[in-house]
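> The following block contains a protein sequence and its predicted model.
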Amino acid sequence: MESKNLFESAFAEWIGVSNAFSFWKGRVALYAILRGLGIGAGDEVILPGYTCVMDVNPIKYVGAAPAYVDIEPMTYNINCDLLEEKITGNTRLIIAQHTYGFPCDMDRILAIASKYNIPVIEDCCLALGSTYKGRLVGTFGKAAYFSFQWNKPFTTGLGGMAITSDSELADNITALCCNELVQPSFKEVMMLWAQLLVYRTLIYPRTTALAQSLFRTLTQKGLVVGSSSTTEYVPKIAPDFFKGMSGIQARSGVRQLKKLAANMEHRRQMAALYDQLLVEAGHRPLVYDRATMDPVLVRYPICVRNKQQALHDAAGAGIELGSWFECPLHPIETPLEAYGYTPGLCPQAEKASQEVVNLPLHPRADEKTVRRTVQFVKKYL
C-alpha cells in the first residue's frame, strides 16, 4: 500500500492535480471515473470513433451508450465541427481523447461542453507529457485517465491512473475503491513481474514483432497476463474487473516517473528526425498547430499504401511497425455491432484504420532505429 500511495502522490504532483488513483489497467481508471460521475443506464457518452474497444467497454459496463464522433484527418482527434450535432438530451459526458499524443482542441471542446453543461474528461493514455497552450493535457477536464500498458508512454507492465482536482468526484472514487476494489492475485502479480523482467531485458525494436506474436499466443493460453483477453471483446463486465494496482506496478511507476523527462525529450528528438527524413523522402511531416500544441507522441503515425502488406513485410524484416488502429474500435476482432458502431458512421476514422501505421519513438528506438525504419517504410508511402 505504501508504494501505491507514493506513486499516486508523485504522479498527482507531476501532473499538478489534487488526487490520483492507481488501478490494474487504464480502462479500470475510466470505469472508476464513470462510476464516480454517476454515469449509468440511459446516459450517452461522446467519444471519437477512432479508439480502442477497451475504452468503450467501461461505458457499456455502467449501462451507458457510446456516441461516436468522426475524427479530423491530421491529428486523428475528435472533429470539433461534428461534436455539437452529436449532443442529445441524454448526453452526460464528453471524452476528449488525445490520439497518438496530439492534444485535442480543448478550447473548442470545453466551450461546446459548457454551452450544454456537460462535463469533459480526458483520455491521456497516449499523451503523457503533451501540452496544449503550455498546459499539460489531463488538467483541462473534470478528470483524466492514463494507461501504463506495454506500449504506452511508459510502462508498469499493465496499470492505469485516474486523476482529478474535483473534490466531490475524488470522494466518490475513494468510496467506490473502499467498497468494491479487489486486489490482483498472487499469481497475477508474479506473472506480471516475470513479464516485466523479460520486457526490460529482451524486447527491442528488432524483436518486437516476434515478441508480440508470441505474447498473443501465450495470452490466449492463459500463460501470461495480457493487456486484453478475448472475454473483453463483448461488453460484459467480469467479476474481478475493478482491480487495484499491485505494489510491483507502483514501484515500477515511481522509477519510470524519475526517467520521464529524458523519455519525453527522446520522443521529441526522434519525432523531429522522422519529420526530417520523411521530408527528404518526399513525404510531408506531421501536420498540427505547432503554435498551440506541443505533443509528446507515443508513436509516430503515418499513412501507407497496402497497410497489411507493410505490416507483414515489417515483421519479416525485423522492423517495429505498429498497426493502431486496425478498425474504428481497435482491435480488428471487435464485434462493432455489439458496441453500437455501424460501417460508414465515421468515414475518416475508417479511412485512417485502413491506411495508418505507426513508428517507434520509445527510449529503445534510437537514431539508427529511426533511419532504418524510414528506409523501410518509404517504399510504402
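Cool, got the structure. Numbers count the residues shown, from 1 in each chain.
> Next, the contact list for residue 262, please.
residue 363 (Cβ atoms under 8 Å, 6 or more residues apart in numbering). C-betas here are computed from N, CA, C, even on glycine.
> Would you mind finding the longest helix in the chain?
helix 260-280 (DSSP state H).
> right, and the helix or strand after that helix?
strand 293-294 (DSSP states H and E).
> Mind listing residues that contact that next one?
Contacts of strand 293-294 (Cβ under 8 Å, 6+ apart): 75, 102-103, 130-132, 134.
> And residue 63, how close does it get to residue 35?
11 Å (Cβ to Cβ, to the nearest Å).
> Name the residue in these two with the higher neighbour count.
Comparing residue 63 with residue 35 by neighbour count (other Cβ atoms under 10 Å), the higher total belongs to residue 35, at 19 against 12.
> Check whether the more buried one really touches residue 172, as I assumed.
Yes - contact status for residue 35 versus residue 172: in contact at 7.4 Å, counting by Cβ atoms under 8 Å.
> can you list the weak-confidence ranges in this structure?
1, 202-231 (pLDDT under 70).
> Residue 378 and residue 276: what is the separation?
Applying Cβ to Cβ to residue 378 and residue 276 gives a distance of 13 Å.
> Neighbour count: the two, which is higher?
residue 378 (16 against 13).
> Can you tell me the closest non-neighbouring residue to that one?
The spatially closest residue to residue 378, leaving aside those adjacent along the chain, is residue 281, at 4.3 Å (Cβ to Cβ, 6 or more residues apart in numbering).
> Next: residue 322.
residue 358 (4.0 Å).
> Look at that neighbour and give its secondary structure.
strand (DSSP: H, G, I helix; E, B strand; the rest coil).
> about what we covered before: pull the number of nearby residues for the residue nearest to residue 378.
Residue 281: 13 surrounding residues under other Cβ under 10 Å.
> What residues does it make contact with?
Here residue 281 is in contact with 374, 378, 381 (Cβ under 8 Å, 6+ apart).
> Can you show me the helices along the protein?
Secondary structure of the chain by DSSP H: the helices cover 2-15, 26-37, 53-61, 80-83, 106-115, 167-180, 186-202, 208-220, 247-258, 260-280, 307-317, 347-355, 367-377.
> Figure out which of the ones you listed is closest to residue 233.
Closest to residue 233 of the helices of the chain, according to Cβ to Cβ: helix 53-61, at 6.7 Å.
> Specify the angle between the closest one and helix 26-37 in degrees.
30 degrees (axes from the mean of the first three to the mean of the last three Cα atoms, to 10 degrees).
> Go ahead and name everything in contact with helix 53-61.
Taking Cβ under 8 Å, 6+ apart as the rule, helix 53-61 contacts 25-28, 30-31, 34, 39, 45, 47, 65-66, 95, 97, 123, 125, 228, 232-233, 235, 237, 241, 329-331, 334, 339.
> One more pass at 7 Å, please.
Residues from elsewhere that reach helix 53-61, judged by Cβ atoms under 7 Å, 6 or more residues apart in numbering: 27, 30-31, 34, 45, 47, 66, 123, 228, 232-233, 235, 237, 329-330, 334, 339.
> Return the distance of it from the chain's centre.
Its chain's C-alpha centre and that of helix 53-61 lie 13 Å apart, by Cα atoms, centre = their mean, to the nearest Å.
> Show me what counts as buried in it.
Residues 53-61 are the ones in helix 53-61 that count as buried (16 or more other Cβ atoms under 10 Å).
> Turn the residues you listed into JSON lines, including distance to residue 311.
Below are the buried residues of helix 53-61 laid out as JSON lines (distance: Cβ to Cβ, whole Å):
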{"residue": "53", "distance to residue 311": "20"}
{"residue": "54", "distance to residue 311": "21"}
{"residue": "55", "distance to residue 311": "23"}
{"residue": "56", "distance to residue 311": "24"}
{"residue": "57", "distance to residue 311": "25"}
{"residue": "58", "distance to residue 311": "29"}
{"residue": "59", "distance to residue 311": "29"}
{"residue": "60", "distance to residue 311": "29"}
{"residue": "61", "distance to residue 311": "31"}
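> That'll do, ta.
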